[in-house]
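Enquirer: No letters, just coordinates:
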DNA sequence: AGCATATGTTGACGCTGTCAAGATAACAAT
DNA sequence: ATTGTTATCTTGACAGCGTCAACATATGCT
């Protein structure tokens, strides 16, 4: 079962030291997470998969929680890239840009369900076990949404009468709720998601005279 | 540690058979769930708590999943009672009734965080492990929301232009998202949730001339 | 060359869910 | 009342889990 991915010496014998175990573990963990979910991700299976003894990972991650935090951290970085791509588009009407952002969020969750569960799930956040690095990677995500909400209110896209922070929380909460219902298997049918997103966007935004963003 | 809750004979010796183990287990499981969360709820601790051997529960629940489903089932029944109380109130404006429903939903989740996690979490739904009884208890919850949404649209409280099913999914998704952000520890601050709920209700409803519901 | 440090290993512990086999009580039929 | 069936409860056992302790080996600095 165990695959040998350790570096080889010039005589093609596997060396005692792996050489790049931390990132190898992270990659394998991402794959294992995608295949088996959080529940199926055990340190022992992971170690076996990369061809290393069961306690070797402990030299690179203090415990399982730190490994999970590191995976989630990568998830936030990648989502940031996706979101920035959407926001940096030129020549889009504000409502169209918001629509794409909403759909992009749900798509990211739907395409990486187990990762999303890790990023926003209770496993990490409930018992305050998030590492400092993870917090630093996750916080800008919500902060950015607040900033954009403020802008959208100023543009007249979103109701200016509501408190910006509350409005951000509600709109993000809606995205999070739809994402969770989807990835937790409560809405089995992904084919309705686009329509749901459009419906939500309609509720949150009002038409404004054309003005590029 | 182990408490003896088994029935006693006339000579005050604990009898070999418990007599009411199934409901005793359910009660203890609810308490244990509230105290330690899903992760901390083990069959062995549970059995010990009610003073019975570790495999005794298997004569009343096929496996741990069936026990969890039974707990969740009770959760749905109790939520139904709360919701019905709200809907049966007389002399309330539609928007006020909807506001109470929204707040009631979030309050139920906030007051029973671990139970809510069980009712709507991936533990049960993700791998299609919900029992038939649980499905029968859970489905009316959403069905009722769709019916009410249809009514609210007809009353002019909610936008009639949107598809009823989509609208139900979005509004429920919002409640679910806010509930989850709260109970998963992502919004640590419960003091903001009333304002968040009001904000969401404002976004979803439009003022209609006074008409009791 | 020698020594500290990083990184890898095996052994062990207590926890978990759950199966198998046996003990005990309750109950239905004779 | 006795017998047999069935429901219920018991202990024993197993594999899987996270993780600590102790030990092995390679790397790198002085």
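Expert: Received it, and whenever you're ready, just let me know what you need. Nothing here was measured: the structure is a model prediction, and the numbers come from that model. Numbers count the residues shown, from 1 in each chain, chains lettered A, B, ... in the order given.
Enquirer: Just the element for residue A:75, please.
Expert: According to DSSP states H and E, residue A:75 maps onto helix A:64-87.
Enquirer: residues in contact with residue A:150?
Expert: Shown in contact with residue A:150 (C-beta atoms under 8 Å, 6 or more residues apart in numbering or on different chains): residue A:164. In short, each C-beta sits where N, CA and C put it, glycine included.
Enquirer: how close does the closest residue in space to residue A:172 that isn't next to it in sequence sit to residue A:65?
Expert: Among residues not flanking residue A:172 along the chain, residue A:145 sits closest, at 5.6 Å (C-beta to C-beta, 6 or more residues apart in numbering or on different chains). Distance of residue A:145 to residue A:65, given as C-beta to C-beta, to the nearest Å: 26 Å.
Enquirer: neighbour-wise, which of the two wins?
Expert: Counted by other C-beta atoms under 10 Å in any protein chain shown, residue A:145 and residue A:65 do not tie: residue A:145 has more neighbours, with 19 against 15.
Enquirer: On the three-state scheme, that one is what?
Expert: helix (DSSP: H, G, I helix; E, B strand; the rest coil).
Enquirer: so which strand or helix has residue A:99?
Expert: Per DSSP H and E: helix A:94-111 holds residue A:99.
Enquirer: re the thing from before, quick check: the gap between the residue nearest to residue A:172 and residue A:154.
Expert: Distance, residue A:145 to residue A:154, by C-beta to C-beta: 15 Å.
Enquirer: Please apply the same query to residue A:82.
Expert: Counting by C-beta to C-beta, the gap from residue A:82 to residue A:154 is 25 Å.
Enquirer: So those two - more neighbours on which side?
Expert: residue A:82 (15 against 11).
Enquirer: on that earlier part again, may I see the buried residues of the helix holding residue A:99?
Expert: The neighbour-count check on helix A:94-111 (16 or more other C-beta atoms under 10 Å in any protein chain shown) flags A:94-95, A:97-109 as buried.
Enquirer: Could you do stretch A:144-161 as well?
Expert: For stretch A:144-161, the neighbour count (16+ other C-beta under 10 Å) marks A:145, A:148, A:149, A:150, A:152, A:153, A:155, A:157, A:158 as buried.
Enquirer: Surely the fifth one touches residue A:95?
Expert: If I follow you right, that is residue A:152. No. At 9.1 Å, residue A:152 does not count as touching residue A:95 under the criterion of C-beta atoms under 8 Å.
Enquirer: list the residues that contact both of these two?
Expert: Common neighbours of residue A:152 and residue A:95, using C-beta under 8 Å, 6+ apart, are residue A:205.
Enquirer: my guess is residue A:56 contacts residue A:47, does it?
Expert: Yes. Using C-beta under 8 Å, residue A:56 is in contact with residue A:47, at 5.9 Å.
Enquirer: Give the next helix or strand downstream of the host helix or strand of residue A:151.
Expert: For residue A:151, the element it lies in under DSSP H and E is helix A:132-155. Per DSSP H and E, the first helix or strand lying C-terminal to helix A:132-155 is helix A:164-183.
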